[in-house]
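# sequence first, then the predicted structure:
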Amino acid sequence: MPDVFETFAHRVDDGADTSETIEPARVAVGASISLGLMVLTGIAFVLGFWTGTQNEHDLAYDHLVWEGIIKVGFATLCGLLAAAVVLALAMIAIGVPWVRRQRDARRR
């Protein structure tokens, strides 16, 4: 059986700490943004699902089960689409300023 500590000995810190210290305020901001995005996409899914249930399709169903599957499936797809759109827009709103800050920092 191989010795794990021998195998990964090159990855053990040699005492030189070159990493940056993570500020608690940045962690809190990141966590609040993540939580806000989760809540926002959840609300968007529910509203999209509700919108999908409000639309009736002009289909002739052979069986009641197929009618239920199609209606629930359509409403679920509407909810997923709404959540994906809201998440994409939020990522653009967060990502564009971040990229600009990174470019400005590299130019200095």
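Alright, I've got the coordinates.

# how is Ala60 classified with respect to secondary structure?
On the three-state scheme (DSSP: H, G, I helix; E, B strand; the rest coil), Ala60 is labelled coil.

# again but with His57, I slipped
Using three-state DSSP as the criterion, the local structure at His57 reads coil.

# next one: it from Val65, what distance?
16 Å (CB to CB, to the nearest Å). Glycine gets a C-beta too; all of them are placed from N, C-alpha and C.

# flag the shaky bits of this protein, pLDDT-wise.
1-2, 8-20 (pLDDT under 70).

# how about Glu23, phi and psi?
Per-residue torsions, Glu23: phi -80, psi 140 (degrees, to the nearest 10).

# contacts only, for it.
Contacts for Glu23 were tallied using CB atoms under 8 Å, 6 or more residues apart in numbering; there are none.

# can you rerun that using 10 Å?
Counting by CB atoms under 10 Å, 6 or more residues apart in numbering, Glu23 touches Val29.

# any idea how far it lies from Ala90?
For Glu23, the distance to Ala90 (CB to CB) stands at 23 Å.

# quick check: closest non-adjacent residue to Leu59.
Take Leu59 and drop its neighbours on the chain: the residue closest to it by CB to CB, 6 or more residues apart in numbering is Ile70, 7.0 Å away.

# fine by me, we can end here.
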